[in-house]
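Asks: Generate coordinates for the sequence data below:
(chains A and B)
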Amino acid sequence: MSDASDAELVLRTRSGELQAFGELVRRYQDSVFNVCYRLAGERREAEDLTQEAFLRAFRRLSAYDESRPFGPWIRRLAANLSLNQLQRKVPTELPLEEEQEWAPGHAGEMPEPAAMQRERVAAVRRAIRDLPMHYRAVIELRHYQGMSYAEIAEALTMPLSDVKSHLYRARKQLAEALDPDV
Amino acid sequence: MSEPNTNHPAEAELQAYLDGELPAPSQARVANHVHGCLACTRRLEQLGNLFTLIESMPDLALGKDLSGEVLRALPSDLKRLPLLAMLEAAAAVALAALGLPWLDSSGLAGELGQALQGWGNSWLGELDQLIDTLAAGLREGLQGLATPGLLPRLPSIPASQLWLLGGSAALLWAVGNGLLLRRSEIRREERP
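Replies: Model (predicted):
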């Protein structure tokens, strides 16, 4: 099963072999989880969104073109799902334990470069999480999924001019949060 | 970078330039400008650093396998894909449509009906005789059972009724989409 290509697994799933879909989940759950985490900013919610993304993918598998790579398709689906779900929710503060995951609390035990890197990563995550949802979405689709402006506009069903202005403002906000010199 | 150029591209234009999203003439114009402008070279470098910083963020490990949860969470009506279910239903209807008229026209239905009738009646007759024999040995309380012909005989079933019965069964199966079969598949899939 693990040697089969994504396209083969999709075809086997379509013919009723559910374990083939299980293998697709195992292959892409980490990358899908990261998409959801960057948008949701919270682990538990990201896990729920990841699961929901795969359920939705299963329902829409008949519409998937197996000549194209599965990874970008499922990640884009996960991004759209996360955005739709998160837009309906009232924003809440992150739980403390989730914050601690990124806080440089163990910096003293680490070599300086590693500690600095960890601190930098935590700062980037916080800065992205603090962006308004639409800004977070365009950053996700542009920087992590490599979409063009036109593809982002299509994915988010928004005008191209909005994509440009959201990206511009999101990057400006990130630059201010991460480094005053940027 | 010898001549000062004050016609600096806007920040948004620089971003689009770095994204490779400007139309070709604008892309060339900005490239030309940046080449000769120290300030814009610096701004572009800072933007590039920001892009790198964003994109170099490492992935988090999920830390668990969600495949089991996902498979269990699939609604039962989705565990059999619509295409497969439709194929099964179509096959059942096609079988009923093709098979039953052939059965009728070949005379097999009539023979089958007569064979069933004969087999059933002979079985019931033997059972009747057995009861009769047993009852004969019992006292008055069981006398009623000793009456020959207590059990009914199967009626003769015409082929058209057989056709109707088979067609209805096939239709019921197609509508129900093989509920029993589906449940057994779900149980098989849920095993670790």
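
Asks: which sections of chain A are below the confidence cut-off?
Replies: A:1, A:90-112, A:180-182 (pLDDT under 70).

Asks: Quick check: A:Leu141 touching A:Ala153?
Replies: No - counting by CB atoms under 8 Å, A:Leu141 stays clear of A:Ala153, with 9.8 Å between them. The way it works is simple: take the backbone N, C-alpha and C, and place the C-beta from them, glycine included.

Asks: Listing request: residues of chain B with sub-threshold pLDDT.
Replies: B:1-6, B:76-89, B:97-106, B:139-155, B:157-158, B:160-161, B:177-192.

Asks: The closest residue to A:Pro69 other than its chain neighbours: how many residues sit nearby?
Replies: Spatially, and ignoring its direct neighbours in sequence, A:Pro69 is nearest to A:Asp6 (7.1 Å; CB to CB, 6 or more residues apart in numbering or on different chains). A:Asp6: 19 surrounding residues under other CB atoms under 10 Å in any protein chain shown.

Asks: give the contact list for A:Asp6.
Replies: Counting by CB atoms under 8 Å, 6 or more residues apart in numbering or on different chains, A:Asp6 makes contact with A:24, A:27, A:66, A:69-71.

Asks: mind listing which of these are in helices?
Replies: Judged by DSSP state H, helices contain the following of these: A:24, A:27, A:70-71.

Asks: Please check these and keep the buried ones.
Replies: Listed as buried from the ones in helices among the contacts of A:Asp6 are A:24, A:27, A:70; burial here means 16 or more other CB atoms under 10 Å in any protein chain shown.

Asks: tell me the secondary structure for the most centrally placed residue in chain A?
Replies: With distances taken as CA atoms, centre = their mean, the residue of chain A nearest its centroid is A:Val35 (1.2 Å). Classification of A:Val35 using DSSP: H, G, I helix; E, B strand; the rest coil returns helix.

Asks: For chain B, just list every one of the helices.
Replies: B:11-19, B:24-36, B:38-55, B:67-73, B:76-79, B:82-105, B:108-137, B:159-176, B:179-190.

Asks: what's the most buried one of these?
Replies: Of all the helices of chain B, helix B:11-19 carries the top mean neighbour count, a mean of 18, counting by mean count of other CB atoms under 10 Å in any protein chain shown.

Asks: so does it get close to chain A?
Replies: Yes - judged by CB under 8 Å from any CB of the partner chain, helix B:11-19 comes into contact with chain A through B:11-12, B:15-16, B:19.

Asks: can you list the domain ranges for chain B.
Replies: Here the domain parsing of chain B from automatic domain parsing is B:11-55, B:81-176.

Asks: can those go into TSV with extra columns for distance to A:Glu17?
Replies: Converted to TSV, the domains of chain B look like this (distance: least, CB to CB, whole Å):
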stretch	distance to A:Glu17
domain B:11-55	37
domain B:81-176	10
